[in-house]
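S.K.: need coordinates for the following:
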Amino acid sequence: MSLSDTRLTRTSSSTGTDGRTHATSVTATSVSSGRLVGAVVTGAEVWRAVASTAARAARWIAGTVRPAGSLVLLAATAGLTLGIVFGWVEWMVAGFIALILLVASVPFLFGARSYDVALSLQHGRVVAGDGMTGEVVVRNHGRGTALPGRIDIPVGAGLVEFGVPLLRPGHTVAQPLEIPALRRGIITVGPATTVRSDPVGLLRREHAFDDVHEVHVHPRTVSLPSTSAGLIRDLEGSSTRRTVDDDMSFHAIRPYVAGDSRRHIHWKSTAKTGTLMVRQYEESRRSRMAVVLAVAEDEYLDADEFELAVSCAASLGLRAIRDARDVAIVTGSEIPRVVRGRLRTIRHLPAGSSRPMLDGFSGVELLENTMPIVEVCRLIAESEQGLSIAVLVVGSRLPLARLQQAALAFPAETAVLAVVCDERAHPRMRAFAGLSVLTAGTIDDLSGLLLRGVTA
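M.R.: Model prediction:
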């Protein structure tokens, strides 16, 4: 009886605890799932940390180990592996020697960040063909003595190197910076970069500073006669063919009509004819000038011819600004290849004062995808109203027929002058219907050609 009761009790207990057993199983499953998720998250974090560390190590190795160092590292790995596995003494010795070279190169990398480098330039703007001077000041701000090293200073596409001697803590050394003749453009000088390298050239460590200077190399210009700017000799404006009732340039006398101002009556003519006669004038407008520089590659023979054209355009613009004339300086603009032929755009250079204008000419470059000079002139004629003269500066590869088409894009009252830059030709001046063409072989020819055009 007791045994039966005991069995019943166990069975009942088993039956009674079935729900509890199931609940315990659910709880254990939840705990196991939580541990699995935590393990996955931890593994992912560890993997990201390892991957980040490996990426930094790879970047450090790529920036530190030179090609010769890679060969020595490969020789050390292969020599030690083959020597230990196969018992080849010669390979093992070669591997040890390579490993010693690598280890001995490591101390030369120390101290790359122990310098303070200050880079200063004497001028921020120079003329093409001139050099530039500056100063590099190096100070050891570390607590220990800095080993000799080198500082590299990028100058455009070039590089200037400086040797830094042994520097004790807190000591400073200053060295002059001499930059040779520069071509026209916007040149970036800096940043100064400290370089640490072993004598063999296996390892290299660099640290770049933030001191970067932008230098505008202006085109070479010449002084032009004041009266030759735009071939316009009057300071107030040039007369047009349009007649008006009130202006400065007297044109003719006509009979009086109702509405005319009595102050314009010409009394001497009235007395002779017996009828009222009034003065008639030619409309005068302020001399507004446009300098148009062609920048398409197919319109120039080479880069030197384009530099001559830039110098001529800059000289004309500079003379106009000094004469306080209203001038617009225009070039073609870069057009994406996919929309070439469907997009019309031009670029205006600053013309308020000489320095911004020359800075603008420093950044002018030959363009492969741009509008031809004919389209540029048409767009200028549409956007610039009241032009009295337009000067087109082009290359020798532009045919005369296209140059005449460009001149026809302007209104009839606009005088058009073309300056053709051809280093192979002799300076000369030709006159066509509505177009004067000057051919300049050098920048110095421009002054004489313009003066000849004024006095002719």
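
S.K.: ok, and for the helix or strand harbouring S70, which residues are buried?
M.R.: With the criterion set as DSSP states H and E, the secondary-structure element containing S70 is helix 67-86. Neighbour-count burial for helix 67-86 flags A68, G69, V72, L73, A75, A76, G79, L80, L82, G83 (criterion: 16 or more other Cβ atoms under 10 Å). (Glycine included, C-beta is placed from N, CA and C.)

S.K.: in terms of contact, does E135 touch V117 like I think?
M.R.: No: counting by Cβ atoms under 8 Å, E135 stays clear of V117, with 11.1 Å between them.

S.K.: settle it for me: which of these two has more neighbours?
M.R.: For the pair E135 and V117, the greater number of neighbours falls to V117 (21 against 13), based on other Cβ atoms under 10 Å.

S.K.: ok, that one - contacts?
M.R.: For V117, the contact set (Cβ atoms under 8 Å, 6 or more residues apart in numbering) comprises V136, V137, V138, R139, I151, A192, T194, F209, D211.

S.K.: quick one: which of those is nearest A58?
M.R.: The closest of those to A58 turns out to be T194 (Cβ to Cβ; 22.6 Å).

S.K.: contacting residues for the closest one?
M.R.: A112, R113, Y115, V117, G149, R150, I151, V164, E206, H207, F209.

S.K.: out of those, which are buried?
M.R.: The neighbour-count test (16+ other Cβ under 10 Å) marks A112, Y115, V117, G149, I151, V164, H207, F209 as buried among those.

S.K.: which ones among the contacts of T194 map onto strands?
M.R.: Counting by DSSP state E, the members of the contacts of T194 that fall within strands are Y115, V117, G149, R150, I151, V164, E206, H207.

S.K.: from the residues you listed, which single one is nearest S311?
M.R.: Nearest to S311, judged by Cβ to Cβ, of those is I151 at 35.1 Å.

S.K.: what are the bridge partners for that closest one, then?
M.R.: For I151, the beta-bridge partners under DSSP bridges are F162, T194.

S.K.: who are the packing partners of the longest helix along the chain?
M.R.: Ranked by number of residues, the top helix in the chain under DSSP state H is helix 18-64. Helix 18-64 makes packing contacts with strand 204-208 when contacts are defined by 3 or more Cβ pairs under 8 Å, 6 or more residues apart in numbering; DSSP states H and E.

S.K.: after the strand it packs on, next one along is what?
M.R.: Moving toward the C-terminus from strand 204-208, the next helix or strand (DSSP H and E) is strand 213-218.

S.K.: which positions within that following strand qualify as buried?
M.R.: Counting neighbours by 16+ other Cβ under 10 Å, strand 213-218 gives H213, V215, H216, V217, H218 as buried.

S.K.: stretch 188-198 too?
M.R.: Along stretch 188-198, the positions that meet the burial threshold by neighbour count (16+ other Cβ under 10 Å) are V189, G190, P191, A192, T193, T194, V195, R196, S197, D198.

S.K.: what's across from the residue lying closest to G363 once chain neighbours are set aside in the sheet?
M.R.: Of all residues not flanking G363 in the chain, I186 sits nearest, at 5.4 Å (Cβ to Cβ, 6 or more residues apart in numbering). Applying DSSP bridges to I186 yields these beta-bridge partners: H216.

S.K.: what is the burial count for I186?
M.R.: Other residues near I186 come to 13 when the count uses other Cβ under 10 Å.

S.K.: separation between it and V50?
M.R.: When Cβ to Cβ, to the nearest Å is applied, the distance between I186 and V50 equals 44 Å.

S.K.: check contacts around the residue nearest to G332 when sequence neighbours are not counted.
M.R.: Taking Cβ to Cβ, 6+ apart, and ignoring the residues beside it in sequence, G332 has T370 as its nearest neighbour in space, at 3.9 Å. Neighbour list for T370: V295, A296, G332, S333, E334, I335 [criterion: Cβ under 8 Å, 6+ apart].

S.K.: OK, contacts around the second one?
M.R.: A296 is in contact with G332, L366, L367, E368, T370, M371, P372, I373, counting by Cβ under 8 Å, 6+ apart.

S.K.: max pairwise distance over the residues you listed: which two?
M.R.: Spanning the widest gap among the contacts of A296 are E368 and I373, at 14.9 Å by Cβ to Cβ.

S.K.: neighbour count for those two, which is higher?
M.R.: Neighbour comparison, E368 and I373: the larger count goes to I373, with 26 against 12 (by other Cβ under 10 Å).

S.K.: neighbours of the residue lying closest to that one once chain neighbours are set aside, how many?
M.R.: Nearest residue to I373 in three dimensions, chain neighbours excluded: A294, at 4.5 Å (Cβ to Cβ, 6+ apart). When neighbours are defined as other Cβ under 10 Å, A294 has 30 of them.

S.K.: list the contacts for A294?
M.R.: For A294, counting by Cβ under 8 Å, 6+ apart, the contacting residues are Y300, A309, T331, G332, I373, V376, L392, V393, V394, G395, L398.

S.K.: and with 7 Å instead?
M.R.: By Cβ atoms under 7 Å, 6 or more residues apart in numbering, the residues touching A294 are I373, V393, V394, G395, L398.

S.K.: the contacts of T370 in strands, which ones?
M.R.: Among these, the members that lie in strands (by DSSP E) are G332.

S.K.: and which of the contacts of V117 is nearest to L102?
M.R.: Of all the contacts of V117, T194 has the smallest distance to L102: 21.8 Å, by Cβ to Cβ.
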